[in-house]
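Enquirer: Give me the fold of what follows.
(chains A and B)
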Amino acid sequence: MKRIISVVLAVSLVFGICGCSKKKDKKDKKPKETKVEKDSTSESEGIVEVEDAAPSVIEIRNVCQLATMDCYFHNVCKGVKQPGTGLSHLGEQERVFWFEYTAEATLGIDFSQVEIIVKGNHITVYYPHAEIIGDIRVDSSSTSDPICGYESEFQNTNYITAEDVTAALGDANEEIRQQILNDRSFTMAAEMRAEELIGNYIDQIMAQSGVEYTYEFKYIEDYQADLLK
Amino acid sequence: MSDKKMLKQIDQRLKAMQVLNTFNTARTIAVCITVLAVLGTVLYFVLRPKAPQKTASENAEALKEFYDTDVVGSEGEVAVYVAPELKDMISIGELQTLSYSYNAIKKVRIDHEVRYYVAYEGTVQAGVDFEEIQYDVDTENHVITVTLPPVSITNAYVKAESLDYIFEDNDYNTPDVFSQAYELCEEDLLEQAKSDKNLLNLAKMNTECEIKALIAPFINEYYPEYTLVVQSEEVTLEDVLREEGRI
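Expert: Numbering: from 1, shown residues only, chains lettered A, B, ... in the order given. Predicted coordinates:
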């Protein structure tokens, strides 16, 4: 009887060890860089329950923006992923990851708000303050694969995922946006360039008029005040 | 001898009594601490403000929260430390007259195996080079001709933080997926943008309207008898192929 019990226990232990050793090493599952095939879901069959399976244009906007400055930033992003909560995240520790990339921001003015007032020989151009046009863009050729330090921290099961890198990049881009908004020198450079472009345009138009003219630039906030004068 | 023995015995007894005294003192201290702890606990439960009675639904919510937070749990949050460094500032002059947002989903196969799906949001902007706009004033015929350069796609970019993934196997969810997915989405967006001719026509119409509105004050003041003509430079297939170096 004792022998039977000990044999049953030993067999159970062996099965348990075999079952637990199935988990694959994440490092072996990196997608290979060769033979990447693209396939739009709109062309494939069988995927019918995916939302927006076909490419769709969701918004068309008529805009009128004069882009005057492209700014390029080199960003080194250092992320720290905290351990998760709950039973499934027991034993996790903080994980550090780094990556770098080049970001691009375009500055310009909303051209639809430009007002040109012509009074005799004097031309006044009212224009809005420069702002960031669109989103902060990432140069795809400049992104580096994140460095995660797996080899030195193999016992830490807090792995970095694609979503973590995406979220970190979003935060990093927001940081760039705030840096531009907080530094007046960026918008001033864009505004000076806008004045240069509009000035050239006025010179071309007035070249054949035979009139001696002068022009000045003011911000759009001064437009209402000047109207009342 | 007997005196020495007696003294030795007395000495040993004294030492034993000292040890006993020390033990008694330690025991007394321990008992006091225990009594104080019990008293403190009793006073705490007696004097603490009573929590309001919770309803069954509140208890259920608290239990659910405990289950979601401490049992099921969630992924850890990511904190980011960045120090962006300005590399370059380039002056440009693009008049953008059309912007459209674009959503799509891509299925990514590697070695004939579907690895993941990625959804993204992209933006395409179209317009003209403002510096290339030509103004010609014909004083004989009283015509002002504005020639616009060909409308082109000035920007087509994927919003990096909009990328969302569904993986066929969680083991494929690795950090370097982002750069690969981003590049694929960008290529897809560019292809879609180039193939949509209506957008370029719309941008062309918008540009013409904007230029007419911009030049109107000058015509009213300095060229009242003149006629304004806005035309666009058409790009033929030959021009495109020549630019790409194919002919």
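
Enquirer: what sits against residue B:175?
Expert: Going by C-beta atoms under 8 Å, 6 or more residues apart in numbering or on different chains, residue B:175 touches A:97, A:99, A:145-146, A:148, A:160-162, A:164-165. From N, CA and C alone the C-beta is placed, and that goes for glycine too.

Enquirer: Could you check how far it is from residue B:110?
Expert: Distance, residue B:175 to residue B:110, using C-beta to C-beta, to the nearest Å: 16 Å.

Enquirer: Residue A:92 too?
Expert: 28 Å.

Enquirer: ok, for the residue of chain A found nearest chain B, nearest residue in space, not its chain neighbours?
Expert: Residue of chain A nearest chain B, by C-beta to the nearest C-beta: residue A:86 (1.3 Å). Here the nearest residue to residue A:86 in space, its sequence neighbours aside, is residue B:73; by C-beta to C-beta, 6 or more residues apart in numbering or on different chains that works out to 1.3 Å.

Enquirer: remind me which residues of the chain are low pLDDT?
Expert: You didn't pick a chain, so chain A it is. Applying pLDDT under 70 to chain A flags residues A:12-58, A:149-155.

Enquirer: Not quite, go with chain B.
Expert: B:1, B:50-51, B:53, B:234-247.

Enquirer: Which parts of it are strands?
Expert: B:78-82, B:85-110, B:113-129, B:134-138, B:143-148, B:152-158, B:164-167, B:227-232 (DSSP state E).

Enquirer: list the contacts for residue B:200?
Expert: Taking C-beta under 8 Å, 6+ apart as the test, what residue B:200 contacts is B:126, B:151-153.

Enquirer: Looking at chain B, which residue is nearest chain A?
Expert: With C-beta to the nearest C-beta, the shortest gap between chain B and chain A falls at residue B:73, namely 1.3 Å.

Enquirer: Pretty sure that residue sits against residue A:88.
Expert: Yes. Taking contacts as C-beta atoms under 8 Å, residue B:73 lies within contact range of residue A:88: 5.7 Å.

Enquirer: more neighbours, these two?
Expert: residue B:73 (18 against 13; other C-beta atoms under 10 Å in any protein chain shown).

Enquirer: Now do the contacts for the more buried one.
Expert: Residue B:73 is in contact with A:84-89, counting by C-beta under 8 Å, 6+ apart.

Enquirer: and the residues you listed, which are buried?
Expert: Neighbour counting with 16 or more other C-beta atoms under 10 Å in any protein chain shown marks A:84-85, A:89 as buried within the contacts of residue B:73.

Enquirer: Among these, name the ones in helices.
Expert: The helices, defined by DSSP state H, take in nothing from those.

Enquirer: can you redo these as a markdown table with distance to residue B:33?
Expert: Converted to a markdown table, these look like this (distance: C-beta to C-beta, whole Å):
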| residue | distance to residue B:33 |
| --- | --- |
| A:84 | 40 |
| A:85 | 37 |
| A:89 | 39 |
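
Enquirer: Follow the chain on from the helix of greatest length in chain A and name the next helix or strand.
Expert: Across chain A, the longest stretch assigned as helix under DSSP H is helix A:184-206. Scanning forward in sequence from helix A:184-206 by DSSP states H and E, the next helix or strand is strand A:214-219.

Enquirer: List of residues touching that following strand?
Expert: For strand A:214-219, contacts defined as C-beta under 8 Å, 6+ apart pick out A:121-129, A:195, A:198-199, A:202, A:226.
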